[in-house]
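**Q** coordinates for the following, if possible.
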Amino acid sequence: IADRHDVFLLDAFGVLNIGETAIPGVVDRIAALKAQNKTVLVVSNAAGFPHSALVAKYRRLGYDFAPEAVITSRATLLSAIGEMTNAHWGLMATRSTGLADLEQLTLSYLEEDAAPYAEVDGFLLVGSAAWTEQRQALLEQALLNTPRPVWVANPDIVAPRDVGFSV
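**A** You can find the predicted model right below:
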């Protein structure tokens, strides 16, 4: 199909890689498309990771994507909340992935302490790797008590990993 199209939009997990491993043959195929002057973009809902971390990951796997060729739900979320950057947000995320790209926001991690759930103006759900049933119950109760905006940037239920699927 390469001869019939100029632009290719590719998902990451399950298309470019499974976990920390490039899918065999895909690195070469992407390079061949780019050599034919095709535009190849990655469209990823890996909102839990800073943009720079994703670009670095793809480079480690052998892909040569320019930073602007990687479009994420994290960047889309930041664009969507636009003027609401002054709000205090409760953040569903894994601490170890860091806050790069989110530095301009006032954030409180959503963990086991109920206080932030009650205090924030809204919720940003960007990564569920560390999410628990207890945290879910706190979020649900906080929204029942005081409805607020909930922005979901990563709708994955599971993602393919090197040894099966994520939970």
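**Q** quick one: the strands in the chain?
**A** 7-10, 17-18, 21-22, 39-44, 70-72, 88-92, 106-109, 122-125, 150-152, 160-161, 164-165 (DSSP state E).
**Q** partner strands of the third one and their direction?
**A** Okay, so that is strand 21-22. strand 17-18 (antiparallel) (DSSP bridges).
**Q** report the separation between the residue most central in space within the chain and Thr106.
**A** Centrality entry for the chain: nearest residue to the mean C-alpha point is Ala47, 1.4 Å, by Cα atoms, centre = their mean. Using Cβ to Cβ, to the nearest Å, Ala47 is found at 18 Å from Thr106. C-beta: built from backbone N, CA, C; applies to glycine.
**Q** over to Glu20?
**A** Taken as Cβ to Cβ, the span from Glu20 to Thr106 is 33 Å.
**Q** now do His5
**A** For His5, the distance to Thr106 - Cβ to Cβ - is 43 Å.
**Q** how about the contacts made by the residue nearest to the centre of the chain?
**A** Contacts for Ala47 (Cβ atoms under 8 Å, 6 or more residues apart in numbering) come out as 72-74, 77, 126-127, 153-154.
**Q** nearest spatial neighbour of it, skipping sequence neighbours?
**A** Ala153 (3.6 Å; Cβ to Cβ, 6 or more residues apart in numbering).
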